[in-house]
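Trainee: Quick check, what structure comes out for this input:
(chains A and B)
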Amino acid sequence: MSPPRHHLLSVLVENKAGVLTRVASLFARRGYNIFSLAVAPTDDPRFSRISIVVDVESAPLEQVIAQLDKLINVVKISELRPDEAREAELLLATVLADAGQRAQVIQLVAVFGGQIVDVGLAALTVMLAGAPDALDDFEELMRPYGIVELQRTGRVALPRLSPGASANIARGNEPAGQRAESA
Amino acid sequence: MQLTGAQALVKSLEAQGVDVMFGLPGGCILPVYDPIIDSSIRHILVRHEQGAGHMAEGYAHVTGRPGVAIVTSGPGATNIVTPLCDAYMDSIPIVVITGQVPRPAIGTDAFQEADTTGITMGVTKHNWLVTDAADIPRVIAEAFHVATTGRPGPVLVDVPKDVALQTMEWYWPESLDLPGYHPPSNPDRSLIAAAAELMAVAERPVIYAGGGVLKARGSAALRVLAELTGIPVVTTLMARGAFPDSHPLCLGMPGMHGNYTAVTAMQQADLLIALGSRFDDRVTGKIAAFAPRAKVIHVDIDKAEIGKVRRPEVGIVADCRLATEALVSALQPRASAGELDEGRIAGWLHQIRQWQERFPLAYDQPSETEPLASSAGSGRPMLKPQFVLETLRDNTPAGTILASGVGQHQMWASQYWRFEEPNTWVNSGGLGTMGFAVPAAIGAKVGRPDAMVWAVDGDGCFQMTAQELVTASAERIPVKIAILNNAYLGMVRQWQHMFYDERYSEVYLSPDLPDYVGWAEAMGCVGLRVETPEEVLPAIDKANQIDDRPVVIDFRTDSMEQVFPMVPAGASNDDIVVHPSQRDRLDDRGPAS
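Mentor: Next up, the predicted model:
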């Protein structure tokens, strides 16, 4: 199996003006491709977490991490591998569903654990949160009905907890210690 | 103590030990210029903001301390972008203070407004927009810390005019707020051991010393390492002076215009010990063909340099001096046990001596009796730029600081000078900024008033920043400028000669427009003109004796002279082009191991 093309980096940054620009312009300047990006403050308002899905065909991951780590406002970088992380993404989609098809669509949304958030005469807007590949499947299933608009947030993720581990859960916001844990 | 933001800014610079700053005032930085009158800091008024930036760089190059420049918003800030980028490429610590329009005007396209932090984001190690006068001492302390630690580099602090006018309660920060900044220092012990093992068993090792050695003040440690192991050293364009050129193990400059031995020793090495160097394309040539049989030990304080271009067998993220000292400690027991005796690499050193004898630097020195073709018709021998440099080199005091611009003259200066001490060579390596020499030499002389400072410049470069000689005259900064005036943008002409079928496009400048002597004198300098070999030494002697004002010598040199050796861009270093007089020797280069 060829190595995955997309890698998810969870980047803890200082919550200061212009930090996202620094990250984005670094990617642009060095020719790295961003596949998706999600950013919001953490529970500690001094920090934000940027979840970046990097296309590693454009550059080796370790080089991307090393360059990112040089940004003064970047506090910590973790690579989250799919088998070591809980990933989630949010999807909003407006799907064509007239009276004849409405029931089918509602059923499918229910199967995926989504919600109907808006109803019109000829369309529904649905919201679905979940693992990114479940969202991919859902998108495929909706396509035949006719997708009017679709918006995804990009992935967010946290490391998986190993069963039994409780005492030494490192605080993600802890600035001390190693950075750039790619290994 | 209540201070204005402007007063706090100047006081913060004083607290950082700043003794001089280079700048030019304007509208938005006006509040900061008022307390400068009462400050202990010497302010040098430049004639163009680019000059301020390069002066700060020259100062930093020779002192190892951060250079400081201060300019206004908008065009003041954009004019200093080139020096910022230059300092970023060459890892030079400078701190640039820019004025900004008042906070309420930001984003309104106000007069002399520019998005300074946005524009300079990619050419600074970090920058700050100060939005509260109370932040000024902390931001200045952070700025100096970031500029000077880790891999050094330029930083910029943008200060809106109304912030400079705000009042604040003075303090000096006890700690910095940089949770994401932890520059590495000590090397990993196990990696040092692995590197030492490779060094002990290598048969054709070369130390590839880069500018990081100078930044880390690692020259003395490098010398100990080289002498302990007997491993020869190449010094890149950014590392000239990091290892004395007179040392028997010094091979000089590698790269596109490096000498044959330095280039070929790297190509044939079985081990490269890269210390603070970054495998720049001007050093490696075609990367796929670079040092194909060499294992690589790469020491750099910037983790992102390790494996960026060439994947090392051992990559060590550390301060270059500390890593070099650790290598010495790790190798010492082997040396005591006789494992590092000279016989180990005697064959390699013998091969290197043969290359040095066979392919020394060479140029055709014309004489009265045998004028060269290129001087035919003029009735007198053409002056060779290399001859000027050799004469200058041999008739300036030990420890003379040499600055240069960018182009042929820079390569000849690096080739022909003998650098014996660290921090005596000031040049623009990574960015290749024409016009660097004059302001950088001025900054160097300000930083090292005890040393003689010469700039070797090209006629094209000189015309870009010569106005700063007015600054030098006004401020009594006695730098000496040797213009190698070949009436051309010489390096571009050389490429057009070699790669564009001698079709010379837009490279001719004229030898006497401008009149460099008249121009120098108009700027308050002594101007001299030299047209023949006999006039070279008397002019240099005269310039050396003038210490109350700058001197400019217009050396009229051979227009057609080319820099050799040369590795054509994109070619393998194996395809080095040597001086025409040596080309028949290439057939018998010795065994390619």
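Trainee: hey, let's count contacts and neighbours off CA atoms from now on
Mentor: Noted.
Trainee: how much space between the closest residue to chain B within chain A and residue B:176?
Mentor: Residue of chain A nearest chain B, by Cα to the nearest Cα: residue A:75 (3.8 Å). Residue A:75 sits 14 Å away from residue B:176, going by Cα to Cα, to the nearest Å.
Trainee: Likewise for residue B:363?
Mentor: Taking Cα to Cα, one finds residue B:363 at 55 Å from residue B:176.
Trainee: Let me know whether my guess that residue A:53 is in a strand holds.
Mentor: Yes - checked against DSSP: H, G, I helix; E, B strand; the rest coil, residue A:53 lies within a strand.
Trainee: What is the neighbour count of it?
Mentor: Residue A:53 has 23 neighbours, counted by other Cα atoms under 10 Å in any protein chain shown.
Trainee: Give me the more crowded residue out of residue A:75 and residue B:176.
Mentor: Using other Cα under 10 Å as the criterion, residue A:75 and residue B:176 rank with residue A:75 on top: 28 against 12.
Trainee: residues near the residue nearest to that one when sequence neighbours are not counted, how many?
Mentor: Take residue A:75 and drop its neighbours on the chain: the residue closest to it by Cα to Cα, 6 or more residues apart in numbering or on different chains is residue B:180, 3.8 Å away. Residue B:180 sits with 20 neighbouring residues when counted by other Cα under 10 Å.
Trainee: Surely residue B:180 and residue A:73 touch.
Mentor: Yes - taking contact to mean Cα atoms under 8 Å, the distance of 5.5 Å between residue B:180 and residue A:73 places them in contact.
Trainee: any residues in contact with both of the two?
Mentor: A:13, A:14 (Cα atoms under 8 Å, 6 or more residues apart in numbering or on different chains).
Trainee: any idea how far residue A:55 is from residue A:25?
Mentor: The value you get for residue A:25 to residue A:55, if Cα to Cα is used, is 16 Å.
Trainee: I should have written residue B:57 there, sorry.
Mentor: Distance of residue B:57 to residue A:55, given as Cα to Cα: 38 Å.
Trainee: what does chain A put close to chain B?
Mentor: A:13-14, A:22, A:25-26, A:29, A:63, A:66-67, A:70-76, A:175-176 (Cα under 8 Å from any Cα of the partner chain).
Trainee: So how do I select the buried members of these in PyMOL?
Mentor: Buried members of those, defined by 16 or more other Cα atoms under 10 Å in any protein chain shown, are picked up in PyMOL with:
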select buried, chain A and resi 13+14+22+25+26+63+66+67+70+71+72+73+74+75+76+175
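Trainee: domain ranges for chain A?
Mentor: A:6-84, A:86-156 (automatic domain parsing).
Trainee: which one of those is the most hemmed in?
Mentor: domain A:6-84 (a mean of 19; mean count of other Cα atoms under 10 Å in any protein chain shown).
Trainee: ends of that one, how far apart?
Mentor: 15 Å.
Trainee: Run through who's touching the helix or strand containing residue B:493.
Mentor: Using DSSP states H and E, residue B:493 falls within helix B:490-499. Identification of contacts with helix B:490-499 by Cα under 8 Å, 6+ apart yields B:407, B:408, B:502, B:503, B:504, B:505, B:507, B:559, B:562, B:563.
Trainee: Pipe these into a markdown table and attach distance to chain A per row.
Mentor: Formatted as a markdown table, the contacts of helix B:490-499 follow (distance: Cα to the nearest Cα, whole Å):
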| residue | distance to chain A |
| --- | --- |
| B:407 | 27 |
| B:408 | 30 |
| B:502 | 35 |
| B:503 | 34 |
| B:504 | 34 |
| B:505 | 31 |
| B:507 | 31 |
| B:559 | 39 |
| B:562 | 35 |
| B:563 | 32 |
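Trainee: The residues you listed, buried ones only, as a PyMOL selection?
Mentor: Typed into PyMOL, the next command selects the buried ones out of these (criterion: 16+ other Cα under 10 Å):
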select buried, chain B and resi 407+408+507+559+562+563
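Trainee: So which of the contacts of helix B:490-499 sit within strands?
Mentor: Among these, no member falls in strands (DSSP state E).
Trainee: Columns pLDDT on top of the contacts of helix B:490-499, output as TSV?
Mentor: Supplementary listing: the contacts of helix B:490-499 in TSV, determined by pLDDT from 0 to 100:
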residue	pLDDT
B:407	98
B:408	98
B:502	96
B:503	97
B:504	97
B:505	98
B:507	97
B:559	95
B:562	97
B:563	98
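Trainee: which SSE is the residue of chain A closest to chain B in?
Mentor: strand A:74-80.
Trainee: Can you spell out which helices and strands pack onto that strand?
Mentor: strand A:6-14, helix A:61-69, strand A:156-159 (3 or more Cα pairs under 8 Å, 6 or more residues apart in numbering or on different chains; DSSP states H and E).
Trainee: rank the ones you listed by pLDDT, which is bottom?
Mentor: Among those, strand A:156-159 carries the lowest mean pLDDT, at a mean of 88.
Trainee: Partner strands of that one and their direction?
Mentor: Paired strands of strand A:156-159, with direction, are strand A:85-96 (antiparallel) (DSSP bridges).
Trainee: continuing past the partner strand, what's the next helix or strand?
Mentor: Moving toward the C-terminus from strand A:85-96, the next element (DSSP H and E) is helix A:99-111.
Trainee: quick one: that next one to strand A:85-96, angle?
Mentor: 170 degrees (axes from the mean of the first three to the mean of the last three Cα atoms, to 10 degrees).
Trainee: Would you mark the buried spots in stretch B:39-50?
Mentor: B:39, B:41, B:43, B:44, B:45, B:46, B:47, B:48, B:49, B:50.
Trainee: list the contacts for the last one?
Mentor: Residue B:50 is in contact with B:79, B:80, B:81, B:82, B:83, counting by Cα under 8 Å, 6+ apart.
Trainee: Could you dump these into TSV with secondary structure, neighbour count and distance to chain A added?
Mentor: Output for those, formatted as TSV (DSSP: H, G, I helix; E, B strand; the rest coil; neighbours: other Cα atoms under 10 Å in any protein chain shown; distance: Cα to the nearest Cα, whole Å):
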residue	secondary structure	neighbour count	distance to chain A
B:79	helix	19	21
B:80	coil	23	20
B:81	helix	20	16
B:82	helix	19	17
B:83	helix	28	19
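Trainee: which residues touch residue B:509?
Mentor: B:460, B:487, B:488, B:489.
Trainee: and it, backbone torsions?
Mentor: phi -120, psi -20 (degrees, to the nearest 10).
Trainee: can you tell me how far the nearest residue to residue B:279 once chain neighbours are set aside sits from chain A?
Mentor: Nearest residue to residue B:279 in three dimensions, chain neighbours excluded: residue B:309, at 6.4 Å (Cα to Cα, 6+ apart). Here residue B:309 is placed at a distance of 10 Å from chain A (Cα to the nearest Cα, to the nearest Å).
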